[in-house]
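*Asks:* No letters, just coordinates:
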């Protein structure tokens, strides 16, 4: 994953772009009927249940919109919530609260849904030594928020983007002329460009696992769309040579079975691409 400094820079970009997109040259609805001097208070009301996420992000948004806004946090990121809970209260300029409202809700509804799903999948892996990972199958422009939500829910982050880890998938391998050539070229590229990036290589069958093992310097082997039987065989074959990851069509009904095969990680795009936003609202007090 990227550094904390890079992550915070991503959040700044998200906020700036979202405000540009939503506010433009002004929130004319509020400007038209609410005096600039008006002071107000609102609460973040939960109308669902699960894991709350995005509280810290909401604070960043309120600070960006108006640094005089005050936020009283009642429930922190990662905590369980129920219908009727109040997560925080925000007070200050009524115009500023309304300007921030939609960005805060859009982000928190999405993040909370992802955190809730990650928490559920993590629970399914309880008692195993397997960790759930997210993927790059995220909403364009808000990847940092979605990956942050996965961590809040108890999952772990895969690579953040194309630039912070090498991942040789089937197309890379085929275009490069095979597994061995792809790995050799990758090591040369990293040496020539003085880059220190971990290498993950995808295997489509046991024969490819064997070929990957003949090369040195592979951090993790991705077992893509393997059956349970072949996963068990692959894990035994790989041993302690490198880490293992299962992916491809694994769902809540099969995830524990794949974990029982002994893989170190299971990655799931569903953590971020298949969720329904949590029902939250910001209500004036």
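*Replies:* That came through fine. Since we're looking at a predicted model, the values are computed, not measured.

*Asks:* could you point out which element follows the longest helix belonging to the chain?
*Replies:* Longest helix in the chain, counting residues (DSSP state H): helix 94-124. Scanning forward in sequence from helix 94-124 by DSSP states H and E, the next helix or strand is strand 131-133.

*Asks:* what packs against the helix or strand just after that next one?
*Replies:* For strand 131-133, the following helix or strand on the C-terminal side (DSSP H and E) is helix 143-152. Secondary structure elements in contact with helix 143-152, counted by 3 or more CB pairs under 8 Å, 6 or more residues apart in numbering; DSSP states H and E, are helix 4-23, helix 94-124, helix 270-273. From N, CA and C alone the C-beta is placed, and that goes for glycine too.

*Asks:* if you set the cut-off to 6 Å instead, what comes out?
*Replies:* Counting contacts by 3 or more CB pairs under 6 Å, 6 or more residues apart in numbering; DSSP states H and E, helix 143-152 packs against helix 94-124.

*Asks:* quick one: the helix it packs on to chain centroid distance?
*Replies:* Centroid displacement of helix 94-124 relative to its chain, using CA atoms, centre = their mean, to the nearest Å, is 12 Å.

*Asks:* now for that helix, which elements pack on it?
*Replies:* Other helices and strands packing on helix 94-124, by 3+ CB pairs under 6 Å, 6+ apart, are helix 4-23, strand 39-46, strand 50-51, helix 55-65, helix 143-152, helix 270-273, strand 280-284.

*Asks:* Give me the sheet partners of the shortest one and which way each runs.
*Replies:* Meaning strand 50-51. Strand 50-51 sits in its sheet next to strand 80-81 (antiparallel), going by DSSP bridges.

*Asks:* before we move on, what about the second one?
*Replies:* Using DSSP bridges, the strands paired with strand 39-46 are strand 86-93 (antiparallel), strand 280-284 (antiparallel).

*Asks:* I would like the residues contacting it, please.
*Replies:* Strand 39-46 is contacted by residues 81, 85-91, 94, 97, 281-285 when judged by CB atoms under 6 Å, 6 or more residues apart in numbering.

*Asks:* ditto for the longest one
*Replies:* Identification of contacts with helix 4-23 by CB under 6 Å, 6+ apart yields 61, 64, 99, 102-103, 142, 144.

*Asks:* hmm, try it at 7 Å
*Replies:* Contact partners of helix 4-23, identified using CB atoms under 7 Å, 6 or more residues apart in numbering, comprise 57, 60-61, 64, 99, 102-103, 141-142, 144-145.

*Asks:* right, so the strands paired with strand 39-46: which one is the most enclosed?
*Replies:* Most buried of the strands paired with strand 39-46, by mean neighbour count (mean count of other CB atoms under 10 Å): strand 86-93, with a mean of 19.

*Asks:* can you give me how far that one is from the chain middle?
*Replies:* Relative to its chain's centre, strand 86-93 lies at 26 Å (CA atoms, centre = their mean).

*Asks:* Likewise for stretch 68-76?
*Replies:* Stretch 68-76 sits 24 Å away from the centroid of its parent chain (CA atoms, centre = their mean).

*Asks:* start to end distance for it?
*Replies:* One end of stretch 68-76 to the other measures 21 Å (CA to CA, to the nearest Å).

*Asks:* Quick check: buried residues in that stretch?
*Replies:* Along stretch 68-76, these residues count as buried under the neighbour rule (16 or more other CB atoms under 10 Å): 69, 71, 75.

*Asks:* Then stretch 198-208?
*Replies:* Neighbour-count burial for stretch 198-208 [16+ other CB under 10 Å]: 199-204, 208.

*Asks:* Nearest to residue 217 among the contacts of helix 4-23?
*Replies:* Nearest to residue 217 among these is residue 144, at 29.3 Å by CB to CB.

*Asks:* Please determine how far the closest one is located from residue 13.
*Replies:* In this view, residue 144 and residue 13 are 8 Å apart by CB to CB, to the nearest Å.

*Asks:* Sweet, I'm off.
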